[in-house]
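Engineer: heads up, no residue letters with this:
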């Protein structure tokens, strides 16, 4: 069942969509929300780190990690290493981004972990970590092994792809939930429904979804499409 | 790239997950939200039709439509008809469900179409309609055609699957957005963050996501798994 999209530069679409998504999340949090700070008496500046790191880390770098097998004109061994390193970066930025949300809550006296977004987020980051460790053990640690581990690897590939894409799609969906949750909080505190900030946040969410769609399409598409 | 899940009753998992999901959305809207009504001076009762029809229609019946090729021990011709009819039911219930949200807004003086959930919802229902019409024209109307249309059908299948699963996943994600949007509205009007209703709504959303996951997994899984 071939999709017949060879020739169409799917991975280039991913790279290009990343640019406005990164700009928009930065404009939102720096221009509209007042900036980013790890330590500040203005506690919302601590929170602002959260959407920036989750989008740039888990969604954008995580997405580039997924498509690195398709987008890079390198040897498989090198692509495997880049795939591992990019996912490691995505995971690290994701953990720091989640920590910034907890830090904001703790320093502002807000409850932790009562929302669907927070539950799914914890689920995603745990699964992302498990997936990274399993990937390292199966594909890198046993990467130069004998016939037995080669057979293990080829059996593990479809499961690695299934779990990886499922976790990634859950991350994309959960990013959208996060945008909506934050925007609804802002609107219940007086932000007008049709404010330009509301449009910016909603369109950032739409770009995130489109980005995720093209990442998954690039990954499942049969041919390399640099 | 075979997943090796043959033998595991994936489609049975879908059927079973549907039951608590339907019960939970009904308990939420009838027990906690006061019931369903098409015409009422108590306008929120009109809105309550929306989540019930979207979940039972688009997500549950739409999901059963997707997996009907895998779940039914029938001839292909019959399964194709059931697939078409179930998707037609899902689409119809989805349109009525969206109409009930507009009806509630219009009769309550609330703006329409300012949220990400509403935009994605309109997008999903339009794409669902286009997909249904294209599916009918390509696979049913040309279903008994000559070699030329048979070749068209086999070329169209992977695109039909890609677009169908993409639209369905967007519907599942958007249902989660809807649960979170409504819950955040209720919480900004005084519902305690840890109320049992909040838990119910969040767990209904989690069940919806799990249901969608197993629908897509059943669809892409290589073997029939009744």
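Structural biologist: Perfect, thanks for sending it. Values in this document were obtained by computation on a predicted structure and should not be read as measured data.

Engineer: roughly how far is the host helix or strand of residue A:122 from the heart of the chain?
Structural biologist: Assigned by DSSP states H and E, residue A:122 belongs to helix A:116-135. Centroid displacement of helix A:116-135 relative to its chain, using CA atoms, centre = their mean, to the nearest Å, is 11 Å.

Engineer: which secondary structure elements does that helix contact?
Structural biologist: The criterion is 3 or more CB pairs under 8 Å, 6 or more residues apart in numbering or on different chains; DSSP states H and E, and the helices and strands that helix A:116-135 contacts are helix A:76-108, helix A:147-188, helix B:147-188, helix B:196-220. C-beta here means a position set from N, CA and C on the backbone, and glycine is covered the same way.

Engineer: can you lay out these as JSON lines showing distance to residue A:28?
Structural biologist: Shown next, in JSON lines, are the helices and strands packed on helix A:116-135 (distance: least, CB to CB, whole Å):
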{"stretch": "helix A:76-108", "distance to residue A:28": "15"}
{"stretch": "helix A:147-188", "distance to residue A:28": "9"}
{"stretch": "helix B:147-188", "distance to residue A:28": "18"}
{"stretch": "helix B:196-220", "distance to residue A:28": "25"}
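
Engineer: closest to residue B:74 out of these?
Structural biologist: For the helices and strands packed on helix A:116-135, the distance to residue B:74 is smallest for helix B:196-220, at 16.1 Å, taking CB to CB.

Engineer: buried set for that closest one?
Structural biologist: Residues of helix B:196-220 classed as buried by neighbour count (16 or more other CB atoms under 10 Å in any protein chain shown): B:197-198, B:200-209, B:211-219.

Engineer: so which of those residues are also by chain A?
Structural biologist: B:198, B:202, B:205, B:206, B:209, B:213, B:217 (CB under 8 Å from any CB of the partner chain).

Engineer: pretty sure the last one is touching residue B:8, no?
Structural biologist: In other words, residue B:217. No - Residue B:217 is beyond contact range of residue B:8, at 9.7 Å (criterion: CB atoms under 8 Å).

Engineer: who are the neighbours in contact with the closest residue to residue A:117 other than its chain neighbours?
Structural biologist: Closest residue to residue A:117 in three dimensions, ignoring its sequence neighbours and counting by CB to CB, 6 or more residues apart in numbering or on different chains: residue A:177, at 4.5 Å. When contacts are counted by CB atoms under 8 Å, 6 or more residues apart in numbering or on different chains, residue A:177 touches A:116, A:117, A:120, B:176, B:177, B:180.

Engineer: which pair in those residues has the greatest spatial separation?
Structural biologist: The largest distance within the contacts of residue A:177, taken as CB to CB, falls between A:120 and B:177 and amounts to 12.0 Å.

Engineer: circling back to that earlier point, point out the most buried one among the helices and strands packed on helix A:116-135.
Structural biologist: Neighbour counts (mean count of other CB atoms under 10 Å in any protein chain shown) averaged over each of the helices and strands packed on helix A:116-135 peak at helix B:196-220, with a mean of 20.

Engineer: distance check, residue A:111 against residue A:105.
Structural biologist: Relative to residue A:105, residue A:111 is positioned 7 Å away (CB to CB, to the nearest Å).
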